[in-house]
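Enquirer: Build me a model from this:
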Amino acid sequence: MSLTPSNSRMMSPAWGGIKLTPSPSPFLKTTPLRSPVKPQRAEASLALRHVIGTTTNSANAFDSLSSARSFAFCAGAAAVLATVDEEQRVSQRFYRARPTTNPINPSASVYGGPSTPTQNESRNRTAASLRDAGLGGSPLASPAHDWSDSPSSRSWSARDRIKAATCVSFSPDGKFLAVGETGYKPRVLIFSTASDAPSDTPLTSIADHTFGVKCVAFSPDSQHLASLGSSNDGFLYIWSINSRTGAATLHSSNKCTSNINRIAWMGTNLITVGTRHVKVWRIEDPNATPRLSKVRQSDAMSISSTVHKTLPGRNCLLESLLEANFTSVVAVAPSKAIVASDKGDICLIDDSDGTQRFFKVAEAGVPVTSMAIDAKGRLHLSSSQGGLRTLNIRETVTALTPPPSPPPRVESPTVVLTSTSHKIEAVASLVDYIVTIDSQHSIRLSHLCASDDESQIGDLVQKLPAHGAPVLGVASLGPSNTADASFYTWSTGGSILFWSSNGACKETVEVPLEQFDGANADSNELRIVAASSDASLLVAGDKYGVLRIINRQSKTSAFDFKAHANEITSIAIFEAPDPTYIATSARDRMIQVFSKKDNAWDLMQTLDEHVGAVTGVIFSRKGDRLVSMSSDRTLVVRELVSRGGEGETMSAFLILRTIILKATPASMAWDVDQDDHLLVSTIDRQVHKYDLRNGQCLHSFRASDSDGGDAVVLSSLAHIPRGWSSPLIAGVSSTDKSIRLYDESGTLVARDWGHTEGVTDIALVSMDSATDAESREKSLVTVAVDGTIFVWGLLLQSPNRQDLSRSMDLLGPSTPTNQDLLANRPPLRRVFSQSELARFQRSPDEEQTTPTGGRSPKLRKRLSKFALAQTPKLEPSPLPSIIPRGATGSTVQGTLRRSNRNRSPSPPSPRNPQIAKRRSSVDVRLRSKAPANEFGSLGASTESLCRTLRAYRKRLTNTNDSLSPEVVREVERELALTARAVGEKVKSNDPLNETVMVKLLDQYSERLVSILDEKIAASVALRVRENSESGMSGGLASPALLEEEDRGRLGEVNTVAEASTNGKAGLPATGTESQG
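Expert: Modelled structure (predicted):
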């Protein structure tokens, strides 16, 4: 018998922190005590306000409720319930449930246990109380772990968040709306359509399908719900629905692995149609045998076993239509239904006598995609060619039974609802209207009957346009614009749509797109659009690099340019009285700047500093700076400069600074408060804030969840001002299709999901009815490649406490609020910079100085070239007296360098300051460093020249290139002139300096003589050894003669040294002396 109590309410409080679940840690997990101050409410919240467009691509994702003048369709992760009022206005309501949302009612699973937790289960309350008390988790805790929907709750994986709505169905009594999902662990959600019922909490959640739910349908009496999984799922379930609570229990199920296109109820029977498939499933079959489902042992205590039946079904005999693909089915009577195919075949299923006869009754003449029956007994057939056909059901069913051979052709005229032949995906009927959805995701509302002919469809009442192609961007417009719109969007197909704040389409502009000929040519797409502040000018760039400047009122292109060789990625406009600039960037690594002069646009400048694709360009608010970002991980800041000449002023953008990033930038946006601050998001999931005046990063944060979840890449940014606090940073991510709000410290304020495809852009839009800028209600608009546009309501809540800086920890010190107190003012500070501290170093005329550097060389007395002490004698060369054969000077110097590098560092000593490291003997520059010189002085120029000469000598030593005689003569001439000028300058100075120079030259000559002596001795020894080894006695030269010859060369060197000493205190002035 187990000692663990089975009832959580019987647990003794004395158990304290004993955990009921195993843990690898031997320490007890405690929870910090809560603050007595209640937590502040959320600073910002997001609420879905309006949806533009739809993801409906079949009749399964569209349904209507004629009695309530409502229709439902899918849009991303939400099901939209639209209602038409008396004034023909359409209002929307959204139904979607987060992955961790607990339904109100439990639902029975196929396996006998509960498939989802409920909000009413006591075990959830027990787990919450244990968690609040700091105790271990209960074994009966809810598997959903939905503790909170705030950002501080547990992290969700991307597969949990992204669930697309694929099918919808109204119950005939109008109480419920069923929504099917696809994705990881798809669900069938049953919502209440009551006005006071929550739209984010379902009544029932069924999670027995895998891969996805393709079709859902309520029975005519609203007592059963059929759910069909995808082809990979292969199961058809029938659920019994409680008409009062909406709870669902499994009635029967069976496998259905065919490719199903549509399901519909015919009385108490269910019909499924698809590819070479028409089948009737009997719900109330008296011969069906019930079976006992297997009960999980873990669920034995919570729910009793359930009994459900196997769903029986029988295929219809298709005969000549065996290879047909049936696309739609609709019931016209309790025992009759009409089936249509993609070839235009209209067939009838007659189950009056239980034989389910199937035969063809008519020919539509066009491919049929969907069917709907209106209140007047007419059947509407939607075509893939963009039209509707109508036939009388009674005449078709009664007069053609038994069917004639061959079946007659439908003579009803085709009603064209679209200006182009777009495919109509779905059709549904209301009391007075007919609703259609085409392949461009546009929803059209038409009168059910024409005024002069009731057999025809009436005029178009309202059109809800949308983008039929992926939406790539959105941008807001100023309060006063000629289009009377709040924002505009553009798609790859070339459409630019202007929208009001409530989602009404104001205007449409089509951009012409050129296409290359050829089967393998890439199709052209509209990539980027920018509008002027008054929306009178539109600038569009396509995939081929063509830039078009369009007049919105005339909707014609005024100027066309082949601006780039590849896809245009960004467009920026700066408007000023004179002039106006347009900057474009592309993947060809170029930036083009156009200027407007005399109502004409000309190319002003081409910028090619980037080495990677330029992904963004933006003007500053004043237009004096142009910032670009590139895939080469750089931000380039350029400044506008102008100069006058020849009667006109010329302008150009010059590089001010380049900011190196650690990762490729993804998006950038200006700070709403600071003109020189820029927000940048990078692909390493970071968001940075840079000061463009000095190029420094002010702060950065990682775009992650506050609970430690996975970080995301923010592909688009928007800065949201707040009057009482720092602005918020809004961004969208295609990583998990989310929209997020962060404060500038990196704390996640709010987040939400709605799109099911890649989210491409975000824009901040202000409401038209607002008056005060700070209290103005704001909206965020997001667009995605699935063609949908979501308008989010952004509610910014100011803190209700008077002391905004009060800490939640009451034990901490309080901050005084009286700003007049001296104690509340910031303390005084005066921190010296490094350049200012350098002025306090010891003067260079002192004999001692503090050494610098990481290594500690040998400490010696520092010698100044201006010292009055006796001229010191130079130390002998560190080179050995006899250089090994094959060794070079660079090798020896490298060895000495390595030996000094291996010494351990020691602290500097002020009493014995170090001198500079001794260099090679051929380096004749001064050993002591001159005092710090001001920039631009003669001393600074001299130091720069010395550094250049040292670098030049090093290059001569290491390179194998040859110099032409002309270049050598030019170098000798310049060095001679420089040496003569230096000598004259030194001679004109204080005689003391001339004396010092003479002494240094004497030391140099002595040093040179000693080096030559060593080399002569080594040379003589080498030649004697070579001659002795050769064994030639007659040809040997005397060592004395060799030494005499070498000493003759030494005499020439001494003569040159004496001549230079007696002449002037400078370097040799001729090329011959330099060679000596």
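Enquirer: so what secondary structure elements neighbour the longest helix seen in the chain?
Expert: For the chain, the helix with the greatest residue count under DSSP state H is helix 991-1030. Applying 3 or more CB pairs under 8 Å, 6 or more residues apart in numbering; DSSP states H and E, one finds that helix 991-1030 contacts helix 965-988, helix 1039-1063. From N, CA and C alone the C-beta is placed, and that goes for glycine too.
Enquirer: Let me know the average pLDDT across the longest one.
Expert: In other words, helix 1039-1063. In this model, helix 1039-1063 has a mean pLDDT of 51.
Enquirer: The chain - how does it break down into domains?
Expert: The record's domain parsing of the chain by the TED database lists 51-108+161-257, 262-270+309-363, 366-400+411-464, 943-952+965-1016.
Enquirer: Compare these and report which one is nearest to Ala576.
Expert: Judged by CB to CB, the one of the domains of the chain that comes nearest to Ala576 is domain 51-108+161-257, at 33.9 Å.
Enquirer: if we can go back for a sec, and the angle for the longest helix of the chain with helix 965-988?
Expert: Angle, helix 991-1030 to helix 965-988, by axes from the mean of the first three to the mean of the last three CA atoms, to 10 degrees: 140 degrees.
Enquirer: oh, and call the first residue 467 from now on, that's how I've got it
Expert: New numbering, starting at 467: the last item is helix 1457-1496.
Enquirer: average model confidence for helix 1457-1496?
Expert: For helix 1457-1496, the mean pLDDT works out to 76.
Enquirer: Also stretch 783-798?
Expert: Taken as a whole, stretch 783-798 carries a mean pLDDT of 93.
Enquirer: what does stretch 854-863 give?
Expert: Stretch 854-863 shows a mean pLDDT of 82.
Enquirer: residues of it that come out buried?
Expert: Residues of stretch 854-863 classed as buried by neighbour count (16 or more other CB atoms under 10 Å): 854-857, 859, 862-863.
Enquirer: Can you give me the end-to-end span of that stretch?
Expert: For stretch 854-863, the first-to-last residue distance is 20 Å (CA to CA, to the nearest Å).
Enquirer: Helices of the stretch 767-916 of the chain, start to end?
Expert: Secondary structure of the stretch 767-916 of the chain (DSSP state H, counting those that start in this stretch): helices located at 859-864.
Enquirer: And the strands in it, which stretches?
Expert: Along the stretch 767-916 of the chain, counting by DSSP state E, counting those that start in this stretch, strands occupy 773-776, 779-781, 792-799, 802-807, 811-816, 823-829, 834-839, 844-849, 853-858, 881-882, 890-895, 899-904, 909-913.
Enquirer: any idea which of the ones you listed scores lowest on pLDDT?
Expert: When the strands of the stretch 767-916 of the chain are compared by mean pLDDT, strand 881-882 comes last with a mean of 49.
Enquirer: so what's the nearest residue to Arg535 once chain neighbours are set aside up against?
Expert: Computed as CB to CB, 6 or more residues apart in numbering, the closest residue to Arg535 that is not its neighbour in sequence is Val550, at 4.8 Å. By CB atoms under 8 Å, 6 or more residues apart in numbering, the contact list for Val550 reads 535-536, 556, 896, 899, 911.
Enquirer: coming back round to it: out of the strands of the stretch 767-916 of the chain, flag the one nearest Trp1258.
Expert: Each of the strands of the stretch 767-916 of the chain was scored for nearness to Trp1258 using CB to CB, and the closest is strand 909-913 (20.8 Å).
Enquirer: quick one: strands adjacent to the helix or strand just after that closest one?
Expert: Moving toward the C-terminus from strand 909-913, the next helix or strand (DSSP states H and E) is strand 926-930. According to DSSP bridges, strand 926-930 forms sheet pairs with strand 909-913 (antiparallel).
Enquirer: Any buried residues in the strand it pairs with, and which?
Expert: Neighbour-count burial for strand 909-913 [16+ other CB under 10 Å]: 909-913.
Enquirer: same thing with stretch 783-793?
Expert: Residues of stretch 783-793 classed as buried: 784, 787, 790-793 (neighbour count, 16+ other CB under 10 Å).
Enquirer: Make JSON lines out of those residues and add distance to Gly740.
Expert: Converted to JSON lines, the buried residues of stretch 783-793 look like this (distance: CB to CB, whole Å):
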{"residue": "Leu784", "distance to Gly740": "12"}
{"residue": "Leu787", "distance to Gly740": "13"}
{"residue": "Ala790", "distance to Gly740": "10"}
{"residue": "Asn791", "distance to Gly740": "7"}
{"residue": "Phe792", "distance to Gly740": "6"}
{"residue": "Thr793", "distance to Gly740": "9"}
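Enquirer: And these, which is closest to Leu512?
Expert: Among the buried residues of stretch 783-793, Thr793 lies closest to Leu512 (CB to CB), at 38.6 Å.
Enquirer: The closest one reaches Ala806, doesn't it?
Expert: Yes. Judged on CB atoms under 8 Å, Thr793 makes contact with Ala806 at a distance of 6.2 Å.
Enquirer: Now list whatever residues contact both of those two.
Expert: Val834.
Enquirer: before we move on, back to that, and Leu1180, which of the domains of the chain is closest to it?
Expert: domain 517-574+627-723 (16.0 Å).
Enquirer: first vs last residue of that closest one, how far apart are they?
Expert: By CA to CA, the extent of domain 517-574+627-723 from end to end equals 34 Å.
Enquirer: Let me see the mean pLDDT of it.
Expert: pLDDT averaged over domain 517-574+627-723 gives 91.
Enquirer: Please apply the same query to stretch 1153-1166.
Expert: Averaging pLDDT along stretch 1153-1166 yields 94.
Enquirer: List the buried residues in it.
Expert: For stretch 1153-1166, a neighbour-count test (16+ other CB under 10 Å) marks 1153-1156, 1158 as buried.
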